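Turn this into a structure:
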Amino acid sequence: MIPITGHTQLTALLGSPVAHSISPLMHNEAFHLLDLDYTYLCFDVNEENLEAAVTGLKTCGIRGFNLTMPNKNKIVELLDELSPAARLIGAVNTVVNDNGHLTGYNTDGVGYMQAVKDAGYNITDKTITVMGAGGAATAICAQAALDGVKKIHIFARETSRFWERTQKLVENINATLPCQAVLHENKDKEALAQAISESVLLLNATSVGMAPTTEGTIIEDTSLYRPDLIVSDVIYNPRETRFLREAREAGCRTFNGMYMLLYQGAEAFRLWTGKEMPVEAIKAKYFSAS
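Below you'll find the predicted structure:
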């Protein structure tokens, strides 16, 4: 590995929990392969101490950082500028620090749509169902609409603090893009059954089932699964959540969040360094078992 020097630029992940993340492995390997004097660390930071952490890292001259759950929405309040996509989505997963000026981006949607292609599927001009209204969910919905998905069913809790923001995203999609977006209440089981029945892909974009609380699933009624349904999870730890396992056992084709992580990370890497991440080498070393 490249030694730490007085010129080494720091990048990081802020979230809670983060001990499981493979982001340090892939970013530090990419820095090494390109001989870049950067390093990447993880910091366990939640919404309560996010502002203090960002202030400290900014003061220390961090080059940039990623945000994971639960910080993707809260960070928006702490930034100087948002990219157009981040402004539309209302959530940020990548921040670039240019001499104290913090700009927020969202690379999750791009990462997920590339992961769908990597898994061998084409969802253009088709209907999908997305569970969740957080930062990852809204980023994916926005990018899916931009990339030509025909219809998106979004399910969330009406009591969620993100409900109104998701309503605005749905209105924006319907007003500006040929995609039709529909927001449903999680408790509407009839609407959920109908949505899944007409969808080619079902995505869990919530943290339900993520380590260390792996016993949960966003879909309790496994009769909703069918063999021609593609079932996907943004979670990659564990590699197979209960949600994915039960879908696979029902005959569905499944894939997890590993490649989404890879491709959103590659875009963040480019924003920080101006260089393209050596994706194939990183994929071969860290993602071959995904």
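
could you measure residue 265 against residue 231, distance?
23 Å (Cβ to Cβ, to the nearest Å). (Each C-beta comes from the backbone N, C-alpha and C, glycine too.)

likewise residue 166?
Taken as Cβ to Cβ, the span from residue 166 to residue 231 is 22 Å.

just the helices in the stretch 1-150 of the chain please.
In the stretch 1-150 of the chain, the segments counted as helices under DSSP state H, counting those that start in this stretch are 23-33, 50-59, 84-89, 108-118, 135-146.

elements contacting the longest helix belonging to the chain?
Ordering each helix of the chain by length in residues (DSSP state H) puts helix 258-273 first. For helix 258-273, the elements it packs on are helix 23-33, strand 64-67, strand 94-98, strand 101-105, helix 108-118, helix 279-286, judged by 3 or more Cβ pairs under 8 Å, 6 or more residues apart in numbering; DSSP states H and E.

Which one of the helices of the stretch 1-150 of the chain has the poorest average confidence?
Looking over those, mean pLDDT reaches its minimum on helix 84-89, with a mean of 84.

Contacts for it next, please.
Where contact means Cβ atoms under 8 Å, 6 or more residues apart in numbering, the residues beyond helix 84-89 that reach it are 76, 92, 104-106, 109, 135, 138-139, 142-143, 169, 172.

Closest one of those to residue 206?
Distance ranking of those against residue 206, using Cβ to Cβ, places residue 135 first at 10.8 Å.

Residue 168: neighbouring residues, count only.
13 (other Cβ atoms under 10 Å).

mind checking how far stretch 147-155 is from the chain centre?
Distance of stretch 147-155 from the chain centroid (Cα atoms, centre = their mean, to the nearest Å) equals 16 Å.

got any ranges where the stretch 151-290 of the chain has weak pLDDT?
289-290 (pLDDT under 70).

hey, where'd the helices end up in it?
So, for the stretch 151-290 of the chain - with DSSP H, counting those that start in this stretch - the helices run 163-176, 189-197, 242-249, 258-273, 279-286.

Can you report how many residues neighbour the residue nearest to residue 39 when sequence neighbours are not counted?
In this structure, residue 39 finds its nearest non-sequential neighbour in residue 8, 5.6 Å apart by Cβ to Cβ, 6 or more residues apart in numbering. Counted with other Cβ under 10 Å, the neighbours of residue 8 add up to 14.

Quick check: buried residues in stretch 52-63?
53, 54, 57, 58, 62, 63 (16 or more other Cβ atoms under 10 Å).

ok, now stretch 243-257?
For stretch 243-257, by 16+ other Cβ under 10 Å, it's 243, 244, 246, 247, 250, 252, 253, 254, 255, 256, 257.
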